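*Asks:* below: sequence and its predicted model.
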Amino acid sequence: MKAAITAYVVNELLSGKDVGEQDDLLLSGLVDSLGVMRLVNYLEQQYSVKIPPEDVTIDNFMNIEAISLYLERCMGT
Amino acid sequence: MDFDLNYLLHQSIDRSAERYAERPAFHFLDKSLNYAELVEGANRLAWTLVGEGIKRGDRVGIFLHKSMETPVAVYGIMKAGAAYVPLDPSAPVSRLRSTIQHCGIRCLITHEQKKQDTFDLLDDETPLECVIGLDAVNKPGIRSLAWSSLEAAPGDRAPDVRVMGQDLAYIMYTSGSTGLPKGIMHTHDSGLCYARMAADTYGITHEDRLSNHSPLHFDMSTLDYFSGPLRGAATVIIPEAYTKLPASLSQLIESERLTIWYSVPFALIQLLLRGLVETRDLGTLRWILFGGEPFPPKHLHALRRLLPQARFSNVYGPAEVNQCTYYHLADDDPDSDAVIPIGRVWPNAEGLVVDEKDQPVARGESGELLIRSPTMMRGYWDQPELNARAFYRRPVAGGVSDIFYRTGDLVEEKDDGVLMFLGRKDRQIKTRGYRVELDEVESVLSAHEQVEEAAAYTLDGSEGIEMIQAAVILKPQQGDIADELRNHCARLLPWYAVPESIRAIESFPRTTSGKIDRKALHGHTLQRQRSEAGL
């Protein structure tokens, strides 16, 4: 899952720039709030989950590791 | 100095420290600097810079993510008599290098978080001689000093440097139509005059808590960085990640008990649509300022209904004049689709609305806005041709003339003296508040070896935000290189100027004179989007 999310982020949001699983995803200007929206839409479709606005927070979206932990929780319940 | 003087931007923190030493000046996540600590840190940095040979008039770069080091850098540089030059921490390396080169920056202030990016900057041609904020650099001959080593410098007083109000205080780089970004030069006089005008207009006091939403390289940050300290208020630096996650942002506004908010409309629209504002207690917000681009009225009025206790004001002014007009929404302002005015020119400034021949137009007619104001820039750094064109000189008498800045903005004056923004004279656009010259985007695309010709234009996104689009004609026998072109743009342009989509087409629609018809391109894209959406 982490690899798939990383691939999406690198290709679709970062114009090919590499990113580590624990790198702060939102520090650089490359992913802005519209980029976050696109990522949320992608994750909802790809993993058949519903991500409510109150879950789109620092804790869940700060890096790729946090995103995948969050998704595992979503799909496990 | 024993007089209670405040004629330089950095004297604001000294004066506030005398009255409010223990009150917070800047706040970032769980860290805080009170006025006494800020003065001490800035003094230490100033001594260190002077020790590195920095003199009055020198330019010192700031290459920092938003952090507790940012205000220390801003004020320490000015205390050393130099001008600070904020660099976009996410800009491509090539762009950063050319700015450092163009501005002749010899010293850079950074932190460990930007270590690798700083290393990437240091090529053989760099004019940099010293980097503050790293314990080592990868290039022999360039000195480096860690933040911790600054503690040896005196904190109780600033170095004795002769600086006056007319000296440069900061230079902000913005998109230029030729591809070379231009550096807007502001002095202590123009910056402090703006800080005072803003503090008076919005009644800022030491009890206020201001947001700092804008990044430092964006001119809107000057209200947060200058007007707050002028009055002894606290400025809360909002980390980059919070600006992209509206649900976390609203939580921060609540927990930090912000009283004054200032940002582009884009940030407020995100807050409205996804910020869960109705579930937060944002009752401390007393004044919401927005500027940089038009606010779609339906979103503005929806936000006003959610925050009924707050006043809302439109702030207008190109970075070249800081700010020059204001419009306070009245309680009885109609909740309609009517465009929000940019308002009135503020008291210590004069506005002219003129035609192509610099002749004033009749009230109600469209013309370019020219502004004369003590908050105006000194000019663009090392751009004599641009400086010759940027100003209008109105002869008065006795050989005296008044100098106006040509904003390039088309406006119309209503019967009650209120100004309406109509558009641009040239091809500069605003996307999420950032200024972009479409000519620059086209020149970057055309520079790609597989591109024959390029056109850039804008399209309104779903939330009323202008987004850049591009169409290109490729050289014969080229495959799909849309991704390659996007990456090419990302290597040369700031992130917000990279087109949202780049489409290869066979030929451009043309006007009768043979120019690319960008209006028609815009129409084609709209049609295609509608048909794709099945409309």
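*Replies:* That came in fine, so what should we check first?
*Asks:* now residue B:189: phi and psi?
*Replies:* phi -60, psi -50 (degrees, to the nearest 10).
*Asks:* so what's the predicted local confidence for it?
*Replies:* Residue B:189 carries a pLDDT value of 98.
*Asks:* which non-adjacent residue is nearest it?
*Replies:* Counting by C-beta to C-beta, 6 or more residues apart in numbering or on different chains, residue B:189 lies nearest to residue B:165, which is 4.0 Å off, once chain neighbours are set aside. For every residue, glycine as well, the C-beta is placed using N, CA and C.
*Asks:* looking at the stretch 201-350 of chain B, which residue is nearest chain A?
*Replies:* Using C-beta to the nearest C-beta, the closest approach of the stretch 201-350 of chain B to chain A is made by residue B:241 at 3.8 Å.
*Asks:* for chain A, what lies in contact range of chain B?
*Replies:* For chain A, the residues in contact with chain B (C-beta under 8 Å from any C-beta of the partner chain) are A:11, A:15-17, A:24, A:26-37, A:53-58, A:61-62.
*Asks:* okay, and which of these map to helices?
*Replies:* A:33-37, A:58, A:61 (DSSP state H).
*Asks:* so, in contact with chain A or not, stretch B:59-71?
*Replies:* Yes - using C-beta under 8 Å from any C-beta, stretch B:59-71 reaches chain A at residue B:65.
*Asks:* mind giving me the domain split of chain B?
*Replies:* With domains defined by automatic domain parsing, chain B comprises B:1-8+B:35-163, B:428-532.
*Asks:* and residue A:75, how far from chain B?
*Replies:* Distance, residue A:75 to chain B, using C-beta to the nearest C-beta, to the nearest Å: 21 Å.
*Asks:* hey, least reliable of the domains of chain B by pLDDT?
*Replies:* Taking the mean pLDDT of these, domain B:428-532 comes last: a mean of 87.
*Asks:* for chain B, longest helix please?
*Replies:* Per DSSP H, chain B has its longest helix at helix B:35-51.
*Asks:* show the contacting residues for the residue of the stretch 201-350 of chain B closest to chain A.
*Replies:* With contacts defined as C-beta atoms under 8 Å, 6 or more residues apart in numbering or on different chains, residue B:241 is in contact with A:24, A:26-27, A:58, A:62, B:248.
*Asks:* what's the answer for residue A:51, then?
*Replies:* A:40, A:43-44, A:74.
*Asks:* again, 6 Å this time
*Replies:* A:40, A:44 (C-beta atoms under 6 Å, 6 or more residues apart in numbering or on different chains).
*Asks:* how about the secondary structure of residue B:406?
*Replies:* Three-state call for residue B:406 (DSSP: H, G, I helix; E, B strand; the rest coil): strand.
*Asks:* list the contacts of it.
*Replies:* B:370, B:392.
*Asks:* what ranges does the stretch 401-535 of chain B have for its helices?
*Replies:* Secondary structure of the stretch 401-535 of chain B, counting by DSSP state H, counting those that start in this stretch: helices at B:438-446, B:482-492, B:518-532.
*Asks:* okay, the ones you listed, which one's buried deepest?
*Replies:* helix B:438-446 (a mean of 21; mean count of other C-beta atoms under 10 Å in any protein chain shown).
*Asks:* please see if that one touches chain A.
*Replies:* No - Helix B:438-446 stays clear of chain A (C-beta under 6 Å from any C-beta of the partner chain), getting no nearer than 13.3 Å.
*Asks:* okay, angle between that helix and helix B:518-532 too, please.
*Replies:* 70 degrees (axes from the mean of the first three to the mean of the last three C-alpha atoms, to 10 degrees).
*Asks:* just give the number of residues close to residue B:413.
*Replies:* Counted with other C-beta atoms under 10 Å in any protein chain shown, the neighbours of residue B:413 add up to 22.
*Asks:* before we move on, what about the one 10 residues further on?
*Replies:* A count of neighbours around residue B:423, defined by other C-beta under 10 Å, yields 10.
*Asks:* so what's the closest residue to it other than its chain neighbours bridging to?
*Replies:* Excluding the flanking residues, the one nearest residue B:423 by C-beta to C-beta, 6+ apart is residue B:410, at 5.1 Å. On the basis of DSSP bridges, residue B:410 is bridged to residue B:368, residue B:423.
*Asks:* quick one: pLDDT of residue B:410?
*Replies:* 96.
*Asks:* from residue B:392, how far off is it?
*Replies:* The gap separating residue B:410 from residue B:392 is 15 Å, by C-beta to C-beta, to the nearest Å.
*Asks:* follow-up on the earlier one: what values do phi and psi take at the residue of the stretch 201-350 of chain B closest to chain A?
*Replies:* Main-chain torsions, residue B:241, degrees, to the nearest 10: phi -60, psi -40.
*Asks:* check the one 5 residues further on too.
*Replies:* Geometry field for residue B:246 lists phi and psi as phi -60, psi -30, criterion degrees, to the nearest 10.
*Asks:* measure it to residue B:270 for me?
*Replies:* The value you get for residue B:246 to residue B:270, if C-beta to C-beta is used, is 5 Å.
*Asks:* what's the answer for residue B:521, then?
*Replies:* Counting by C-beta to C-beta - residue B:521 and residue B:270 are separated by 28 Å.
*Asks:* could you dump the contacts of residue B:241 to CSV with pLDDT?
*Replies:* Converted to CSV, these look like this (pLDDT from 0 to 100):
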residue, pLDDT
A:24, 89
A:26, 89
A:27, 84
A:58, 94
A:62, 93
B:248, 97
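*Asks:* now the buried members of these.
*Replies:* Among the contacts of residue B:241, those classed as buried by 16 or more other C-beta atoms under 10 Å in any protein chain shown are A:26-27, A:58, A:62, B:248.
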